[in-house]
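Asker: with the input below, show me the fold.
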Amino acid sequence: MLVLSRKVKQEFSFVNLGIKIEILRVSGKKVQVGVSAPDSVRVLRSELVEEETLEKLEVASRVTRHAFRNQLNTASLTLSVLQHQVQSGQLKKAEKTLESALSQLSELDAFTGAAPAFGNETSPEKRRRTALVVEDNAQERELLAEYLRVNGFDVSVAEDGEDAMDYLAQHHAPDVVLLDMNMPRMNGTNTAKAIRCDPRFQELKLFVISGCDPEETPPESESPYDQWFSKPIRPQQFLSDIESHLGSAC
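Answerer: Predicted coordinates:
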């Protein structure tokens, strides 16, 4: 900070900025100051700057919330249509709707990543969690992966148990593996056993998402699974249960 003492009618200049300040009058505790600046430089009292900044933030926040709600509503409707089409056997229409749903969910993911977090500037950034989705049904695989992505996960996918083991052999262990049971080449039971036999994956969280009930699988002396989710899952409860298992480790 530059501190100056000047008498009335004296002035000082910021040469590089083209700004000149002149002391016009001194009366008691008040000083009247004149400021000359180029047209490109806005001159405001500090309290007006604060008011203007707050107003801009408030407007930006309203616009952000409105746009996000519109996108979320569109995505929600698309997913509802998709569910109806699948249930009624309209698979060709469902494929096109799925593409649209994935596109909208990706936009929501990008939107939430880019949106300013008003009032939360000091919150520490959490490490993004990682997941591997192992599912032979492409439609279910991509929808589940996208649902996890929009909820803060970095997600990779595998078509069956063999693909999953190949992935795990070449990458760092994810926080979570989500495993279907009925898959070609290497089913869920054998995949789970192979994962648990590897010392690198002892701490990995292993969840089943299957149309089967646990009773339909061969009994295990010690279950390799952290939790079993029977289809159809309830998305919010499913996510809450996974968060509970992960706790503060992620």
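Asker: now E95: closest residue in space, sequence neighbours ignored.
Answerer: Closest residue in space to E95, ignoring its immediate chain neighbours: Q139 at 7.6 Å, by CB to CB, 6 or more residues apart in numbering. All C-beta spots, glycine's among them, are computed from the backbone N, C-alpha and C.
Asker: what does T78 give?
Answerer: A101 (4.5 Å).
Asker: and R196, by the same measure?
Answerer: Nearest non-adjacent residue to R196, counting by CB to CB, 6+ apart: P224, 4.4 Å away.
Asker: burial count for the residue nearest to T78?
Answerer: For A101, the tally of surrounding residues (other CB atoms under 10 Å) stands at 24.
Asker: so what pairs up with I21 in the strands?
Answerer: Here I21 sits in beta bridges with F12, V35, going by DSSP bridges.
Asker: what pLDDT is listed against it?
Answerer: Per-residue confidence at I21 stands at 71 (pLDDT).
Asker: that one and Q32 touch, don't they?
Answerer: No: judged on CB atoms under 8 Å, I21 makes no contact with Q32 at a distance of 11.4 Å.
Asker: still on that earlier bit, isn't there a strand covering the residue nearest to T78?
Answerer: No: per DSSP: H, G, I helix; E, B strand; the rest coil, A101 lies outside any strand segment and is helix.
Asker: pLDDT at it, what is it?
Answerer: On pLDDT, A101 comes in at 71.
Asker: give the helix, strand or coil label for the residue nearest to E95.
Answerer: Secondary structure, three-state DSSP: Q139 is helix.
Asker: from L82, how far out is it?
Answerer: Applying CB to CB, to the nearest Å, the value for Q139 to L82 is 9 Å.
Asker: now for these two: what residues contact both?
Answerer: Counting by CB atoms under 8 Å, 6 or more residues apart in numbering, the residues touching both Q139 and L82 are 94, 98.
Asker: in terms of neighbours, single out the busier of these two.
Answerer: A direct count of neighbours by other CB under 10 Å for Q139 and L82 places L82 higher, at 22 against 15.
Asker: name the SS class of that one, please.
Answerer: Per three-state DSSP, L82 ends up helix.
Asker: re the thing from before, list the contacts of the residue nearest to T78.
Answerer: 75, 78-79, 82, 143, 146.
Asker: domain assignment for the chain?
Answerer: 11-40, 44-117, 127-250 (automatic domain parsing).
Asker: returning to what we had before: what about I21 and Q32, which has more around it?
Answerer: Of the pair I21 and Q32, I21 is the one with more neighbours under other CB under 10 Å, namely 17 against 11.
Asker: could you measure from that one over to I233?
Answerer: Distance of I21 to I233, given as CB to CB: 66 Å.
Asker: beta partners for S210?
Answerer: With DSSP bridges as the criterion, S210 is bridged to S230.
Asker: shouldn't it be in contact with W228?
Answerer: Yes: S210 is within contact range of W228, at 7.3 Å (criterion: CB under 8 Å).
Asker: tell me which of these two has more neighbours.
Answerer: Neighbour count, other CB under 10 Å: between S210 and W228, S210 has more, with 19 against 16.
Asker: so how far is E140 from that one?
Answerer: Computed as CB to CB, the S210 to E140 distance reads 11 Å.
Asker: give me the common contacts of the two.
Answerer: D180.
Asker: my guess is the residue nearest to E95 contacts L98. True?
Answerer: Yes: with contact defined as CB under 8 Å, Q139 counts as touching L98 (5.8 Å).
Asker: show me where this structure has its helices.
Answerer: Taking DSSP state H, the helices of the chain run over residues 46-87, 91-114, 138-149, 161-170, 188-197, 235-246.
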